[in-house]
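**Q** sequence plus predicted model, see below.
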Amino acid sequence: MTRSELIAILIEKNPHLQLREATLLVNTVFGGITSSLAAGNRVELRGFGAFSVKEREPRLGRNPKTGEQVQVSKKLVPFFKTGKELHQRLNKAGLA
């Protein structure tokens, strides 16, 4: 699902919303999640899952073109852990 599809579903389920309002709502939610993660906080949506930031340690990598070893510095990466309800719904739907 894309951001546009999410906005379309939001408008479909809430016909009183205009496209600009629905877009603003979706962008506000995503912006809030992003800002919170950037500040080092965890974002939990009960039943759906939790977003957090994990630190990847520096490591030796390889340049795929040359095969040369390169040092990859440490970095922060977003992480998502599914909530219990989402996990159960996915397994019930036979997607596993």
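**A** Great, that's in hand.
**Q** so what does the longest helix along the chain touch, helix or strand wise?
**A** Counting by DSSP state H, the longest helix found in the chain is helix 19-38. Helix 19-38 is packed against helix 3-13, strand 43-45, strand 49-56, with contacts defined by 3 or more Cβ pairs under 8 Å, 6 or more residues apart in numbering; DSSP states H and E. Using the backbone N, CA and C atoms, a C-beta is placed for each residue, glycine as well.
**Q** now these in TSV, with mean pLDDT?
**A** Below are the helices and strands packed on helix 19-38 laid out as TSV (pLDDT from 0 to 100):
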stretch	mean pLDDT
helix 3-13	97
strand 43-45	97
strand 49-56	97
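**Q** got those as a markdown table, with mean neighbour count and distance to Pro64 columns?
**A** Listed next are the helices and strands packed on helix 19-38 as a markdown table, based on neighbours: other Cβ atoms under 10 Å; distance: least, Cβ to Cβ, whole Å:
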| stretch | mean neighbour count | distance to Pro64 |
| --- | --- | --- |
| helix 3-13 | 13 | 31 |
| strand 43-45 | 14 | 34 |
| strand 49-56 | 14 | 18 |
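**Q** want to throw these into TSV with distance to Lys84?
**A** TSV is the format used below for the helices and strands packed on helix 19-38 (distance: least, Cβ to Cβ, whole Å):
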stretch	distance to Lys84
helix 3-13	23
strand 43-45	12
strand 49-56	9
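**Q** circling back: check the offset of the longest helix of the chain from the chain's centre.
**A** Distance, stretch centre to chain centre, for helix 19-38: 12 Å (Cα atoms, centre = their mean, to the nearest Å).
**Q** so that helix versus helix 3-13, what angle?
**A** 130 degrees (axes from the mean of the first three to the mean of the last three Cα atoms, to 10 degrees).
**Q** would you agree Val77 is in contact with Lys54?
**A** Yes. Here Val77 reaches Lys54: they are 5.7 Å apart, a contact under Cβ atoms under 8 Å.
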